[in-house]
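Asks: A predicted structure for the sequence below; I have some questions about it.
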Amino acid sequence: MYRLVLVAALLCVASCKRTEDEAARARIFSPEQPVGELPEAKETLQAGQLADDPALARRVLHMPRREIDQRIGPHRAQQRVQFAWFRGPGLPDGGSEVSLAEETTLLEAPGDDFSVRLVNDHNQGFELVWVKGEAFVKSLYGAFHKRRTDRTDPLRIREQAMSGLATFDRLARGLKLRNAGETKSEGRRVVRYAVTGFGARAGEKETSDLPTVQYPENRTDPDTARRLEVWEKEEPVSVRGTLVVDAETGAPLACDLQGHFKVPGNAQGPAAELHLHSVLVTTNVGKDPGLKAPQFEPETSVPHAVKDPLRFLGKGPGAGPQVPAGEEPEESEEEEPAPR
């Protein structure tokens, strides 16, 4: 009797576990649902007080794109960033220079849908469309492919692709602003600010939930090491530009910022300098861009050696008979479909 009860309990546990696994699998691979309104998006911000309140200025300049979307509704935002990084121009080898110019176009639609397209002057880029909880991604010249929601993070990609204003403010250690008056842009009341300096806030440390980057042999090359030091050791030299903030919602709508920054030299490397130009333009506020899921190509069939390496090597469950050395395995007439 005791054994029967034990067997029944084990069967019940196994059945519950199987049900939980199936539910978790369905939840992971199902389209994501909108999270809802952000509480901070309902907070009233005094758009005309940024020059007198550094904390409020940081709150506006680092506002996430999702909050901006919920504050002003559908819109089109275009960002252009150009930078040039110089290391040791006075060195015998002439030092080194790394430069890049990129342009990002963001279309925000109702219901948390959006598309982001990024291209740079090295003939590289990508495009991502997020519609009704489904993600579609393509390279600059490739075709769209549907991405599984457990293998992509569209919201993070959107933030990183449109982070020019927040990055500039952090490099400047807080922009010093001067209220240049209220005007109208695209039919909306806006507050204009002129950038008068830098260092409005104390140094800030980057917070991230990502794991630490692992470099080959646990070290970096001199150029990369100098660029990584920019967050802790960089010193603003000069900044200038303008900023436009929506008077009603406090959301940043436009900017044109230029700055020069440097990292002092040390025993491990010479001094380095960074020149950065960041431009943001927001248009079509309140107009639905009409985003739709794009035409996409189906996933290609994957060879056995890629999709199931253990079975290909004859070490996994369901592996076929071992093929003697020097003989080619027989290929099936039909390729098995890739597992979903």
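Replies: Received, thanks.
Asks: For the rest of this, base every contact and every neighbour count on C-alpha atoms.
Replies: Fine.
Asks: Which residue lies closest in space to Leu45, excluding its sequence neighbours?
Replies: Nearest residue to Leu45, sequence neighbours excluded (C-alpha to C-alpha, 6 or more residues apart in numbering): Gly250, at 5.4 Å.
Asks: tell me which element the most centrally placed residue in the chain is part of?
Replies: The geometric centre of the chain, computed from its C-alpha atoms, lies nearest to Ile157 (C-alpha atoms, centre = their mean), at 2.6 Å. In the assignment (DSSP states H and E), Ile157 maps to helix 154-161.
Asks: any idea of the mean pLDDT in that helix?
Replies: Averaging pLDDT along helix 154-161 gives 93.
Asks: List the buried residues for stretch 68-85?
Replies: By neighbour count on 16 or more other C-alpha atoms under 10 Å, the buried set for stretch 68-85 is 68-83, 85.
Asks: Among these, which lie within strands?
Replies: Using DSSP state E, the members of the buried residues of stretch 68-85 that fall in strands are His75, Arg76, Ala77, Gln78, Gln79, Arg80, Val81, Gln82, Phe83, Trp85.
Asks: Include distance to Phe168 and pLDDT when you put the residues you listed into JSON lines, please.
Replies: As requested, these are exported to JSON lines (distance: C-alpha to C-alpha, whole Å; pLDDT from 0 to 100):
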{"residue": "His75", "distance to Phe168": "23", "pLDDT": "96"}
{"residue": "Arg76", "distance to Phe168": "21", "pLDDT": "97"}
{"residue": "Ala77", "distance to Phe168": "17", "pLDDT": "97"}
{"residue": "Gln78", "distance to Phe168": "16", "pLDDT": "97"}
{"residue": "Gln79", "distance to Phe168": "13", "pLDDT": "98"}
{"residue": "Arg80", "distance to Phe168": "12", "pLDDT": "97"}
{"residue": "Val81", "distance to Phe168": "10", "pLDDT": "97"}
{"residue": "Gln82", "distance to Phe168": "12", "pLDDT": "96"}
{"residue": "Phe83", "distance to Phe168": "11", "pLDDT": "92"}
{"residue": "Trp85", "distance to Phe168": "15", "pLDDT": "84"}
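Asks: State the helix or strand in which Gly142 lies.
Replies: Gly142 is part of no helix or strand when elements are defined by DSSP H and E.
Asks: what about the helices in this protein?
Replies: Secondary structure of the chain (DSSP state H): helices at 2-29, 54-61, 65-72, 154-161, 164-171, 222-228, 230-233, 304-307, 309-312.
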